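Novice: Here is my input; please provide its structure:
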Amino acid sequence: MKFGPYFCQPVIAGLGDEDKPFICTMDSIGAKELAKDFVVAGTASESLYGACEAMFKPDMEPEELFETISQALLSSVDRDCLSGWGGHVYVVTPTEVTERILKGRMD
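Specialist: You can find the predicted model right below:
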């Protein structure tokens, strides 16, 4: 039995000390990339970087952050047929984790 090269590029997000946001991603060999603003991964990463750089600003409220993430994600996956038809957006605050499901183009 042959096992192919399975690659994973995880995005790790949560709250650290004093409820400060912590985000990072790892490449396919496990090297961490820490960031203070945002991280992206996957086949649409070039489009995601551009959309996030255009829309992200520090210290957003949860609803504003959700809108920014949603717009960046949907505009990016529409340009990349391998990325799927939507996404799940998780907004983490000190009191709760909110998940919303986005539906994108399905053609």
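Novice: Kindly provide the distance from the residue nearest to L82 when sequence neighbours are not counted to G84.
Specialist: In space, and not counting its chain neighbours, L82 is closest to T43: 4.4 Å by Cβ to Cβ, 6 or more residues apart in numbering. Any C-beta I mention is one placed from the backbone N, CA and C, and that applies to glycine too. Relative to G84, T43 is positioned 9 Å away (Cβ to Cβ, to the nearest Å).
Novice: ok, back up a step: can you list phi and psi of the residue nearest to L82 for me?
Specialist: phi -70, psi -20 (degrees, to the nearest 10).
Novice: Just to check, it is in contact with D80?
Specialist: Yes - counting by Cβ atoms under 8 Å, D80 is a contact partner of T43 at 5.5 Å.
Novice: Pull up the gap between A35 and E63, please.
Specialist: 22 Å.
Novice: Check which helix or strand S47 maps to.
Specialist: Using DSSP states H and E, S47 maps to helix 45-55.
Novice: quick one: buried residues of that helix?
Specialist: 45, 47-48, 51-52 (16 or more other Cβ atoms under 10 Å).
Novice: Then stretch 60-78?
Specialist: So for stretch 60-78, counting by 16+ other Cβ under 10 Å, buried means 65-66, 68-69, 72-77.
Novice: Give me the residue ranges of the chain where confidence is low.
Specialist: 1-6, 107 (pLDDT under 70).
Novice: hey, where'd the strands end up in it?
Specialist: 11-15, 21-26, 32-35, 86-92, 97-103 (DSSP state E).
Novice: Of the ones you listed, which is nearest K57?
Specialist: K57 sits nearest to strand 21-26 of all those, at 13.6 Å, using Cβ to Cβ.
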